[in-house]
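With the sequence up front, the predicted model follows.
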Amino acid sequence: MTDPETSQDGDTADARRPRGARLDGATLDRLRPLAFSVAYRMLGSVAEAEDVVQEALLRLSQTEGVRNPDAFVTTVTTRIAIDVLRSARVRRESYVGEWLPEPLVGPVQANLPVAMASAPLDAAAHAELADDLSTAFLVLLERLTPTERAAFLLHDVLGYSHAEAAGVIGTSEVAARQLASRARRRISRERDDAARPASARPASAHADRARAEELVTRFLAACEEGAVDPFLELLAEDVVFTGDGGGKVPPGFSIARPVSGRDTVARLLAVFMRRGAPIHFERALVGGEPGLLIVADDVIGGGLIGTWSFEVVDGQVAGIRGVINPEKLRHLGPQADLERLREWLMTNRPHRGAR
């Protein structure tokens, strides 16, 4: 793979200043969100993305004469992320249970740059950017090879031309076009509109967000009731619940494989709520979409237990993805003591009747 510091392609050859000038700290700080947006979409891991960003910015800070720092940092970040993703694929093959991306919690940064020469985002484009950070979208990207993922993200999500994407990846324009096309076809088999560029998607992002917010509100009410029927009203017929504990949680805290079907998922949720655990839910954006944080009550020390993200299709919940693996939640703050929660449940369950 060609090093960006010596590449003769259009992207990186134009990224040079007269020798001797190095970038200041303010410029590096400005570039950090761009580098993270590329690395996180490539890897689906906050921790790995932050490591990649640190390395990319270090290389940039040590390189003299960078004329187009946006192009430089995107190139370096993508290339490092491809290598990291290749090694991560091997680890994920032996992962215990289903692998889900590490959740991003909170609003998508409004001024997040999405391409090295793009115009500022309007409201619709900002909504699409949130879609491209959603758990559902990142799960779809897992179907792709590292180079397919890079070519697709650079062209379809970040707005690069195929020629520019080729320069970043270190391949020919024809090969970059083929990689992106193959990625688009593979994703479309899972969800028809996931691989289309933002300009080709239906202009209904705000309506979808409002519907998702409404469903989360009703979902919380169903959790309070803890009965099957309220969940049935919210779930699509073919809804799928996926949990990611990674083998890092006590028995009974996470499902080993996805559960599908409206009745089955509704019963699972109702049983979960009837356990009477000392927990509560907090609304939050998870992957840029309305979701929930599962938080332990103070009686067991508080702390985050996990996150739920919702995929809404045609006004119903089509997917629920729960991350409870503690290693994937470290970046979100203090975590709950799951062993303490398990002991509480074992002690108190006999004294709690079903609702």
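Yep, that arrived. Nothing here was measured: the structure is a model prediction, and the numbers come from that model.

what's the helix or strand residue 241 falls within packed up against?
Assigning secondary structure by DSSP states H and E places residue 241 in strand 235-244. When contacts are defined as 3 or more Cβ pairs under 8 Å, 6 or more residues apart in numbering; DSSP states H and E, strand 235-244 packs onto strand 259-260, helix 262-274, strand 316-323. Bear in mind the C-beta positions are built from the backbone N, C-alpha and C, glycine included.

Point out the most buried one among those.
strand 316-323 (a mean of 23; mean count of other Cβ atoms under 10 Å).

you'd agree residue 41 is up against residue 154?
No. Applying Cβ atoms under 8 Å as the test, residue 41 and residue 154 come out as separate, 9.9 Å apart.

quick one: which of the two has more around it?
residue 154 (29 against 24; other Cβ atoms under 10 Å).

tell me the domain boundaries of this protein?
Per automatic domain parsing, the domain ranges recorded for the chain read 10-200, 205-351.

Please convert the helices and strands packed on strand 235-244 to a markdown table, extending it with mean pLDDT and distance to residue 302.
Formatted as a markdown table, the helices and strands packed on strand 235-244 follow (pLDDT from 0 to 100; distance: least, Cβ to Cβ, whole Å):
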| stretch | mean pLDDT | distance to residue 302 |
| --- | --- | --- |
| strand 259-260 | 96 | 28 |
| helix 262-274 | 92 | 20 |
| strand 316-323 | 94 | 18 |
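
possible to save those as a markdown table with distance to residue 31?
A markdown table is the format used below for the helices and strands packed on strand 235-244 (distance: least, Cβ to Cβ, whole Å):
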| stretch | distance to residue 31 |
| --- | --- |
| strand 259-260 | 42 |
| helix 262-274 | 42 |
| strand 316-323 | 28 |
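
closest to residue 64 out of those?
Closest to residue 64 of those, according to Cβ to Cβ: strand 316-323, at 42.0 Å.

Show me what the closest one is packed against.
helix 135-141, helix 205-225, strand 235-244, strand 304-313.

got the contact list for residue 304?
By Cβ atoms under 8 Å, 6 or more residues apart in numbering, the contact list for residue 304 reads 293, 294, 295, 296, 329, 332, 333, 334, 335, 336.

Report the beta-bridge partners for the fourth one.
With DSSP bridges as the criterion, the beta-bridge partners of residue 296 are residue 279.

Low-confidence regions, the stretch 201-350 of the chain specifically.
201-207, 349-350 (pLDDT under 70).

and if we set it to 90?
201-212, 224-226, 251-254, 256, 271-277, 287-290, 313-315, 345-350 (pLDDT under 90).

For residue 246, grab the count of nearby residues.
19.

Use 51 as the first number from now on
In the new count, where the first residue is 51, that last one comes out as residue 296.

how much space between the residue lying closest to it once chain neighbours are set aside and residue 357?
Excluding its sequence neighbours, the residue lying closest to residue 296 (Cβ to Cβ, 6 or more residues apart in numbering) is residue 375, at 3.6 Å. To residue 357, residue 375 is 10 Å away according to Cβ to Cβ, to the nearest Å.

now residue 372
On the measure of Cβ to Cβ, residue 372 and residue 357 end up 7 Å apart.

what sits in contact with each of those two?
With Cβ under 8 Å, 6+ apart, residue 372 and residue 357 have common neighbours residue 344.

Buried residues, stretch 283-290. List them.
Applying a neighbour-count criterion of 16 or more other Cβ atoms under 10 Å, one finds 284, 285, 286, 289, 290 buried in stretch 283-290.

Put together a markdown table for the residues you listed, with distance to residue 236 on each row.
Formatted as a markdown table, the buried residues of stretch 283-290 follow (distance: Cβ to Cβ, whole Å):
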| residue | distance to residue 236 |
| --- | --- |
| 284 | 30 |
| 285 | 27 |
| 286 | 23 |
| 289 | 23 |
| 290 | 19 |
